[in-house]
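K.L.:
predicted model follows, preceded by the sequence.
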Amino acid sequence: MSAAIGFALVSLLFAGVNDVVFKRYSRQERSRGMFVLGIGIVWGILQLLALVMQGQQLDVATPALAFGIAAGAMVTLSNLRAGFGVTFKAGLSQGAHAPTMMLIAAASWIIGGFCYARFREHRVRITRKKLGYSALSGVLVFVIVNSLALALERGQASIVVPIANLSFIVALALSVAMKMERLTMRKTIATVCAAVSIYLLAQLS
């Protein structure tokens with residue numbers, strides 16, 4: 001198995017866990033905007049710490065800025081991970097600085113989350129549970145995005161992005177194990193098909 005596929009699978013695994021976290025968060029009437037805002041803050045802090053620990057500096061040249069904003073918009077609007085992956089890969093091909101793009105994407109979550117909470121939901125309120133869910137999901141998103149970035153640096157977007165987006169396999173397994181939903185024949189068939197797809201895509205790398 002190539003390194004690109006390995007990182008894509010890591011992204012898939014943590015994305016599946018994050019899907020379950022969001023599902024549990026959404027079981028009660030809570031602000032989605034504040035949730036996204038909190039995730040963006042935690043993700044941004046971790047991204048900045050990683051940048052400092054690696055001894056790198058921000059590069060706000062045009063490619064990183066433009067593709068960072070585009071990638072952030074993609075992943076903020078309805079959590080479009082596929083769009084984020086393709087845009088991020090395009091940025092890398094243009095020489096954009098990967099950590100800077102991810103910091104800009106995190107900032108997009110902060111801005112987008114606040115605007116959604118303020119102007120759509122009309123409630124900007126922080127609670128301990130929101131903080132807890134946002135902190136957990138922020139760490140997961142940091143791992144998801146950075147694993148996907150590492151996969152994209154080493155492999156083709158047409159292979160690693162579809163693999164990373166099959167996170168419903170993990171989400172379904174966890175949901176069934178936690179008795180949040182039942183495993184039906186259709187879900188079983190879908191899971192088997194997804195697993196076969198991952199195997200076949202991995203053979204192309």
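P.N.:
It's in.

K.L.:
assign M101 to helix, strand or coil.
P.N.:
Secondary structure, DSSP: H, G, I helix; E, B strand; the rest coil: M101 is helix.

K.L.:
and it, how many residues sit next to it?
P.N.:
29 (other CB atoms under 10 Å). (Each C-beta comes from the backbone N, C-alpha and C, glycine too.)

K.L.:
now do it against G85, distance only.
P.N.:
Distance of M101 to G85, given as CB to CB, to the nearest Å: 12 Å.

K.L.:
where in the chain is the helix or strand with the lowest mean pLDDT?
P.N.:
helix 62-76 (a mean of 67; mean pLDDT, DSSP states H and E).

K.L.:
gap between the next helix or strand after that one and the chain center?
P.N.:
Going down the chain from helix 62-76, the next helix or strand is helix 81-93, by DSSP states H and E. Going by CA atoms, centre = their mean, to the nearest Å, the spacing between the C-alpha centre of helix 81-93 and its chain's C-alpha centre is 12 Å.

K.L.:
list the buried ones in helix 81-93?
P.N.:
Going by neighbour count (16 or more other CB atoms under 10 Å), the buried part of helix 81-93 is 81, 83-92.

K.L.:
dump the residues you listed into JSON lines; add pLDDT as well.
P.N.:
Below are the buried residues of helix 81-93 laid out as JSON lines (pLDDT from 0 to 100):
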{"residue": "R81", "pLDDT": "63"}
{"residue": "G83", "pLDDT": "70"}
{"residue": "F84", "pLDDT": "75"}
{"residue": "G85", "pLDDT": "76"}
{"residue": "V86", "pLDDT": "75"}
{"residue": "T87", "pLDDT": "78"}
{"residue": "F88", "pLDDT": "78"}
{"residue": "K89", "pLDDT": "79"}
{"residue": "A90", "pLDDT": "78"}
{"residue": "G91", "pLDDT": "77"}
{"residue": "L92", "pLDDT": "78"}
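
K.L.:
wait, which of these is closest to G113?
P.N.:
Distance to G113, by CB to CB, is smallest for F84 among the buried residues of helix 81-93, at 15.8 Å.

K.L.:
would you confirm that that closest one contacts A106?
P.N.:
No: between F84 and A106 there is no contact under CB atoms under 8 Å: 11.8 Å.

K.L.:
how about the helices in the chain?
P.N.:
Applying DSSP state H to the chain gives helices spanning 3-25, 32-53, 62-76, 81-93, 98-115, 128-154, 157-164, 168-177, 185-204.

K.L.:
mean pLDDT lowest where, among those?
P.N.:
Across the helices of the chain, helix 62-76 has the smallest mean pLDDT, namely a mean of 67.
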